[in-house]
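[1] Predicted model and sequence follow; I will ask about them next.
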Amino acid sequence: MAKLESGNTYKITDLFKDNRHIIIPDLQRDYCWGDKSHGDSNNDLVTAFLQNLKNIFKEDRHIKLGMIYAYEYPLNSDRIYLCDGQQRITTLFLILGIINRQFIKNNIANKDVRKCLISEVELNDDREPRLLYAIRESTLYFLSDLVCNFFLKDIDYKVSDIKKQNWYFREYNLDPTIQSMISAMEIIEYEIENHDDLQGFAEFILNKISFFYFDMKNRETGEDMFVVINTTGEPLTSTENIKPLLIGNIIDEKQREEASNIWEKWEKYFWENRSEKEHEADNGLNKFFIFYWQIKLLQEKQWKEKKSSEINPFQLFSQTSEIKPNEENTTSILSDDLNKIKSISEIDRYFNAYKDLYIEISQNAMNRKIINNITDLDLKKPHFLRDLPINIILPLIQFKVKYPEGPIYFFLRRLRKNFFDQKWETRKNNYVDWRHVLQLIDKSDNIDNLLTYSEGFNFKEIPNIPNNVKKWFNTEEKLKAKLKEQNRETIESWEDSQIFMGDISFLFQVFLKRHEGITNNFSNLNKEFTDITITDTHFDYLQKIKMEELQHCMDTYNNMTQNPLFKVLEIRFNRVNHLWAGNWSFGRDYFDYKRWHKKHTKLIYQNWVYYIICEILNNEADIDKILKTYIQNIFSQSSKMFFETDLALDGIYDFKQLELNLENKSKSENNNGFYHWNGFLWHYLLAIYEPTKKIDFEIIFDLFDRQKNRYKIGNQFIWTKEYYDKKIKTFDLMENSNWLNWQKIKDNETELQDAFVNQREEKIKFLYEKSFDL
């Protein structure tokens, strides 16, 4: 059989002959010409298609029905996969099927029509018709049943009775292609039932309709081409419905062709850059349109009768009158402005910005690093842009529209800080909403002006959103800008810290608190120091701070937070004025339960961070000594509160008194918290003595032998959080007197038990003395 050659024209009888099958591949969508929603309001696509064919038949002329794109797979297999032409070929196949039924009904023999439906070999073997749908199995089976049990059978029932037949399965009702085919056949049946020259019309379809054939060679090329082909038979998605809105009203043919090419450029881009789970360009293109309208409307959601929903680009592109204010925006878009917004050239500006944005991020390691600070996304393909927070992606798009040749790096850094200003409670007063950032971009004259913009006047009002534009270039930003004139790389490295994310105001706070005369001692350490609001009134003083002083301050901070002793302070217990209370504390009358924010602990220790840094800056003190002294103070004050025993800082301690207090407290009411608190103190000792050990901070403490009323300190164990799962482990570092060895001692071996507890007690005493050996 002759192979189909690219560039040649072929008739239906050429396509459906010998062993050849036409296959609709899974990359295609459903057949839809039978759907009532397609076509214009007065006509459906099948009726219009049939009427057009009838008129040409009456004129007795040939017609070329455009180009079909396809590929053969496997090679030399006679299985032709369509990339374009699905709707036309399927409709012609259904027309031939209905015609064949009329021939059978009227006792007319026409083997040519029959051969185009199914070959004799297949009819007696696998019953595969000429047209196969690989989109889903139900469609595949239905076509086989339709040809063999309806098109070829002399049975007196109509298309409307197909669903009553025993070969029609219930699952066919869920297949949109099958339902559209049935609707199309009902139309065809009605249109040709009383045709006065059905044989002539069949001959016309078989031999006077032809197609240009283009061989795509393989599936990969076919998929790439699929998105740039203008077909009318797809079940229209939201973005495809938009296409006629943007292009259909263009009268000038050349301009319409240019607009169509632009649309195909968009579709091709989003097809090539779809996610692994997507099989079309629609999701990417639709998301881009949503971004576009969010920018143009300065609103995140669409509103109707005070109810919000996701932005619907189709509805917005369909509007012809002005867009009125709503619950999210007090401005309106007049019809003249709306026409400009809906112009394909305007949308293309934003598309080019969107496309360039990915290139600039993907090809610049510094930009990638900043994006990774903000969110954990795979930056290998452009579809990651869809998942960026809108207060990042929307300003970036607008920036590239305003400054297409300008680098995004410095603006992206500023957006990162703004993003975390909103995310972190203590910084929210500095956050500038993305709607105002978009306006700020429009009002700026150049990139430098954008980064230093501080006026904040004549901005559109956004309901429930404060106008914080003046905070965009606040005192901190002014100080950093001045420092960056000579030390940009250093300052940016500080900003890049996962702890700060652009905000290094704590450095200025250290100097400002010193300037305000806050006393730096242990007494004040137990008071809450509220950060001083840095305003322009402080600028003159702060700008005089030398870079060397700031560098020393930052180095001190880094050394302190990297010190193993620092980890001792990250335990999951509660702080009230720098005293510590467990969540089961017996002292419930004295302590409120306020759990630490563990994720950003280093930002919370502002009192003692200030104390320690200032102490070092003032006296060049030793970090280890300061941290140990600080922990000693907590240890001492806590012991007074809970054990009514003073733990002297010189390491001298009355352990007998402690054991007596242990017994008294353990016999008191609500003593469970006491056990935990007691163990917590020993955790301090262990952590200080072995700071390099990664002790699990999610821990509880208890007396491991309560039945014998052992109140020695050696009778305490530190359990990990796995205690709750009954997987008891210990990190108490007690060597041969640990939990596993205790389990080996039998209940009746009291002497061994006593020796074990005493051995543990001696170890704890050693740890105490060693830990506070300054």
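    Ah, there it is.

[2] Pull out the buried positions in the host helix or strand of residue 146.
    Secondary structure assignment for residue 146, by DSSP states H and E: helix 137-146. By neighbour count on 16 or more other C-beta atoms under 10 Å, the buried set for helix 137-146 is 138-146. For glycine as for every other residue, the C-beta is placed from the backbone atoms N, C-alpha and C.

[3] CSV for those, including pLDDT and distance to residue 278?
    CSV is the format used below for the buried residues of helix 137-146 (pLDDT from 0 to 100; distance: C-beta to C-beta, whole Å):
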residue, pLDDT, distance to residue 278
138, 89, 22
139, 91, 21
140, 91, 23
141, 92, 27
142, 94, 27
143, 94, 27
144, 93, 30
145, 93, 32
146, 95, 31
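
[4] angle of the very next helix or strand once past the helix holding residue 146 against helix 137-146?
    For helix 137-146, the succeeding helix or strand toward the C-terminus, using DSSP H and E, is helix 176-192. Using axes from the mean of the first three to the mean of the last three C-alpha atoms, to 10 degrees, the inter-axis angle of helix 176-192 relative to helix 137-146 is 30 degrees.

[5] who's in contact with helix 176-192?
    The contact list for helix 176-192 (C-beta atoms under 8 Å, 6 or more residues apart in numbering) reads 30-36, 44, 46-47, 50-51, 54, 90-91, 94-95, 97-99, 102, 133, 135-136, 138-139, 142, 146, 158-160, 162-163, 172-173, 198, 201, 235.

[6] before we move on, back to that, what lies in contact with the helix holding residue 146?
    For helix 137-146, contacts defined as C-beta under 8 Å, 6+ apart pick out 97, 127-129, 131-134, 162, 167-169, 171-172, 174-175, 177-178, 181.

[7] cool, and stretch 412-428?
    So stretch 412-428 is contacted by 367, 370-371, 373-374, 389, 391-392, 395-396, 430-432, 437, 451, 472, 492, 495, 501-503, 531, 600, 603 (C-beta under 8 Å, 6+ apart).

[8] Pull out the buried residues from that stretch.
    By 16+ other C-beta under 10 Å, the buried positions in stretch 412-428 come out as 412-422, 424, 427.

[9] May I see these organised as JSON lines, with secondary structure, distance to residue 345 and pLDDT added?
    Formatted as JSON lines, the buried residues of stretch 412-428 follow (DSSP: H, G, I helix; E, B strand; the rest coil; distance: C-beta to C-beta, whole Å; pLDDT from 0 to 100):
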{"residue": "412", "secondary structure": "helix", "distance to residue 345": "27", "pLDDT": "97"}
{"residue": "413", "secondary structure": "helix", "distance to residue 345": "32", "pLDDT": "97"}
{"residue": "414", "secondary structure": "helix", "distance to residue 345": "30", "pLDDT": "97"}
{"residue": "415", "secondary structure": "helix", "distance to residue 345": "27", "pLDDT": "97"}
{"residue": "416", "secondary structure": "helix", "distance to residue 345": "32", "pLDDT": "96"}
{"residue": "417", "secondary structure": "helix", "distance to residue 345": "35", "pLDDT": "96"}
{"residue": "418", "secondary structure": "helix", "distance to residue 345": "31", "pLDDT": "96"}
{"residue": "419", "secondary structure": "helix", "distance to residue 345": "32", "pLDDT": "96"}
{"residue": "420", "secondary structure": "helix", "distance to residue 345": "37", "pLDDT": "92"}
{"residue": "421", "secondary structure": "helix", "distance to residue 345": "36", "pLDDT": "92"}
{"residue": "422", "secondary structure": "helix", "distance to residue 345": "34", "pLDDT": "92"}
{"residue": "424", "secondary structure": "coil", "distance to residue 345": "41", "pLDDT": "82"}
{"residue": "427", "secondary structure": "helix", "distance to residue 345": "40", "pLDDT": "85"}
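
[10] which one of these is nearest residue 462?
    residue 422 (14.5 Å; C-beta to C-beta).

[11] all strands for the protein, in order.
    Counting by DSSP state E, one finds strands in the chain at the ranges 9-11, 21-24, 63-72, 79-84, 131-133, 209-215, 301-304, 307-310, 574-576, 579-581, 699-703, 716-720.

[12] which residues are contacting the longest one?
    It refers to strand 63-72. Applying C-beta under 8 Å, 6+ apart, the contact partners of strand 63-72 are 3-4, 9, 22, 53, 56, 78-85, 88-89, 208-219, 221-222, 225, 229.
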